[in-house]
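Undergrad: Structure for this input, please:
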Amino acid sequence: MEDYMNMCDELSAIELERRFRLLEATTMDAVTFLPTNLGAVRAAVKNLAKKKWKWGLSILEDDNGNKDVRIENVLRIIVPKEHWIEFQGMFEGELNDDMELNLQELLNEVIEDELLDLRKSLKPALVKMTNEQQFAALNTSIKVWGSVFGVDKVITDKKKVAISTVQKGRDTQHLYGQLLRAYGEDKGGLEMMLEDIGNDRPLGAYTVVKKYDYLYGDRVVSTLQDVTLIFEAVVDTAFMTSESIYIGDSDLLDEMEDQLTSVKRVRNVLYPMAERFDVGFFNQLRNLMEETLEEMDDKSVESEE
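TA: Presented below is the predicted three-dimensional model:
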């Protein structure tokens, strides 16, 4: 019975709308107010609230008490008599002909809805960011380093690096929480940040990110024949990658230096000529280190003899 009554309401509303359209041709958007399409009516009015929050209102009424609500020359809302009180509940105060319609409350709803959508979009944007090419390439470099030299431990300086490779999920959630606390009520700030993240633009201007030197990365500590090695791979807040290798034996580096033609040495640290080391370099370095250490051992034995 209830379905039947709803169908009758909808049919009568359709007929009502047809009659109003016949009475006056118009280019205005039109929507019929029924409990079953309350969402569509609210969406139409919220779209007006986005443009401005005060509108001129006129209300026409037919012989049966049905209303033709006109919001300037932009939107018509046809309201059957039996739904008029429910329709008025969408707005502040009683609606009258030739009045100014205040949509501030609906505008506030629009802003809160948009803020909620932006907040919901932020974490997926961060997750997507850490899966992009430069981050994936860094992960590959660390994985290959570990397969060549082994891993004694991974060091993350939490004061300098926002997201660690080994605690990526937890650190991403932590960064998300920090950003929400700082920008959760700032619609413009969230929009700009999402756009910058999506386009790999520098994020150092944002207060939460500014305190970090790097968005992502780690230091991997390894050992080869008692020589300490530290491989550092990071992506900074401008989405630039940098890598370096610390070798804890200056004499060893002195012996190898002439053969290290594809990298730059600064004291005990090796840097790639480009952003990253070619992953094949790690095997070359291990082989060179082993050969040089063996030669150094042989020289030491000979000197003792």
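Undergrad: Surely T165 and G217 touch.
TA: Yes. At 6.7 Å, T165 counts as touching G217 under the criterion of C-beta atoms under 8 Å. In this view, the C-beta of every residue, glycine as well, is placed from N, C-alpha and C.
Undergrad: higher neighbour count, the two?
TA: Set T165 next to G217 and count neighbours by other C-beta atoms under 10 Å: G217 wins out with 27 against 21.
Undergrad: doesn't the more buried one fall inside a strand?
TA: Yes. Assessed with DSSP: H, G, I helix; E, B strand; the rest coil, G217 lies in a strand.
Undergrad: ok, it - contacts?
TA: L138, V161, S164, T165, E232, A233, V234, V235 (C-beta atoms under 8 Å, 6 or more residues apart in numbering).
Undergrad: So the spatially closest residue to E132 that is not a sequence neighbour: helix, strand or coil?
TA: For E132, ignoring the flanking residues on the chain, the nearest one in space by C-beta to C-beta, 6 or more residues apart in numbering is D200 at 7.3 Å. Look at D200: counting by three-state DSSP, its state is coil.
Undergrad: Please enumerate residues in contact with stretch 230-245?
TA: Stretch 230-245 has contacts (C-beta under 8 Å, 6+ apart) with 134-135, 137-138, 141-142, 145, 149, 155, 161, 200-204, 209-210, 212-222, 229, 246, 248, 269-272, 275-277, 285.
Undergrad: helices or strands up against the helix or strand harbouring N108?
TA: Assessed by DSSP states H and E, N108 sits inside helix 104-129. The contact analysis (3 or more C-beta pairs under 8 Å, 6 or more residues apart in numbering; DSSP states H and E) places helix 104-129 against helix 38-51, helix 168-183, helix 187-198.
Undergrad: what's the average pLDDT for the helix or strand that it is followed by?
TA: Toward the C-terminus, helix 104-129 is succeeded by helix 133-149 as the next helix or strand (DSSP H and E). Model confidence over helix 133-149 averages 95 on the pLDDT scale.
Undergrad: buried set for helix 133-149?
TA: Q134, F135, L138, N139, S141, I142, V144, W145, V148, F149 (16 or more other C-beta atoms under 10 Å).
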